[in-house]
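>>> Give the three-dimensional model of this entry:
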Amino acid sequence: MDATVFTKCERCKQPIYEKDLRARFNVCPNCEFHYPLPAPERVRLLTDAGSFEERDGDLTAGNPLDFEGYPGRLRSAREKSGLKDAILSGVGEIGSSRVALAVMDFRFIGGSMGSVVGERVARTMELARSEELPLVIVSASGGARMFEGIYSLMQMAKTSVALSRFMEGSKPYISILTDPTFGGVTASFATAADIIIAEPGARVGFAGARVIEQTTKEKLPEGFQTAEFQREHGMVDRIVHRLALKGDLERLLGFVG
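Prediction:
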């Protein structure tokens, strides 16, 4: 991409050099709006240089329900993102603390949790348990992957069981919620951590606000489902600017890791 190309910020509408946006890990230099961040860049942001080792990268989704068009969607998502599925997972170091890390990527079919995402999350939890490592998961998801039906919904139970086993140990689980985190991911592992961090302005919930309003026939409060709203109501422990996340994790892991 040409480094001199401008884009216009979605929030403040000010022009931004693409190179400046990339240099700040997709955070607007004018208003600090947090754009989505691809999983490989998220790994680069959080881990010590050269320390990340991917695990289970050979897993790919099938089409268990013979859902029409799903194989094509998978091919398109792989070409667009360069990933096998909506997640990167493995081990790495954060401030010299070795951790088990899983990072979701919204570019891949909306970060939806299908069989591969659930399996890799569960395996990351099992790795953390067996090697006695702190667990860090970064969520970005629209929910379950409808193309896989019940196989997708089963991942909620799978990851919850794997997490309960991990929690029997003494190492911490830190969950980072990014925009957006919804559906089965929110209802299973994303909000069941020892420490829950959210990026500023991240939308976090189960069903979307419009769905809730249409169902309940009531007007929702201002800022409903934002990270700030969730912190005020006890669902989020900390809101941390993206560029401060690595330093915050280093301190937390130093305290409890």
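>>> Strands along this structure, start to end?
Using DSSP state E, the strands found in the chain span residues 6-8, 15-17, 53-54, 87-94, 97-104, 135-141, 173-181, 195-198, 238-239.
>>> and the nearest residue to Gly114 once chain neighbours are set aside, what does it touch?
Leaving aside its chain neighbours, Gly114 sits nearest to Arg145 (3.7 Å; criterion: Cβ to Cβ, 6 or more residues apart in numbering). C-betas here are computed from N, CA, C, even on glycine. By Cβ atoms under 8 Å, 6 or more residues apart in numbering, Arg145 lies in contact with 109, 112-114, 117, 152.
>>> Could you report the neighbour count for the residue nearest to Val121 when sequence neighbours are not counted?
Leaving aside its sequence neighbours, Val121 sits nearest to Thr159 (Cβ to Cβ, 6+ apart; 4.9 Å). If you count neighbours by other Cβ atoms under 10 Å, Thr159 ends up with 27.
>>> ok, which stretches of the stretch 101-250 of the chain are helices?
In the stretch 101-250 of the chain, the helices defined using DSSP state H, counting those that start in this stretch lie at 115-131, 149-166, 183-185, 209-216, 227-232, 245-256.
>>> about what we covered before: which among the contacts of Arg145 count as buried?
Among the contacts of Arg145, those buried by neighbour count (16 or more other Cβ atoms under 10 Å) are 109, 112-114, 117, 152.
>>> Dump those residues into a markdown table; add pLDDT and distance to Leu135 as well.
Output for the buried ones among the contacts of Arg145, formatted as a markdown table (pLDDT from 0 to 100; distance: Cβ to Cβ, whole Å):
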| residue | pLDDT | distance to Leu135 |
| --- | --- | --- |
| Ile109 | 98 | 24 |
| Ser112 | 98 | 22 |
| Met113 | 98 | 17 |
| Gly114 | 97 | 21 |
| Val117 | 98 | 16 |
| Ser152 | 97 | 22 |
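>>> Low-confidence stretches in this protein?
1-4, 257 (pLDDT under 70).
>>> Mind doing that once more with 50?
The chain contains residues with pLDDT under 50 at 1-2.
>>> Tell me how it divides into domains.
Per automatic domain parsing, the structural domains of the chain span 1-33, 36-256.
>>> May I have the phi/psi pair for Lys84?
For Lys84, the backbone dihedrals (degrees, to the nearest 10) come out as phi -80, psi -30.
>>> dump the residue contacts of the closest residue to it other than its chain neighbours.
Nearest non-adjacent residue to Lys84, counting by Cβ to Cβ, 6+ apart: Thr60, 5.3 Å away. Residues near Thr60 by Cβ under 8 Å, 6+ apart: 74, 84-85, 116.
>>> circling back: list just the nearest of the buried ones among the contacts of Arg145 to Ile196.
Among those, Met113 lies closest to Ile196 (Cβ to Cβ), at 18.0 Å.
>>> Okay, and the beta partners of that closest one?
For Met113, the beta-bridge partners under DSSP bridges are Ala144.
>>> Perfect, I'm done here.
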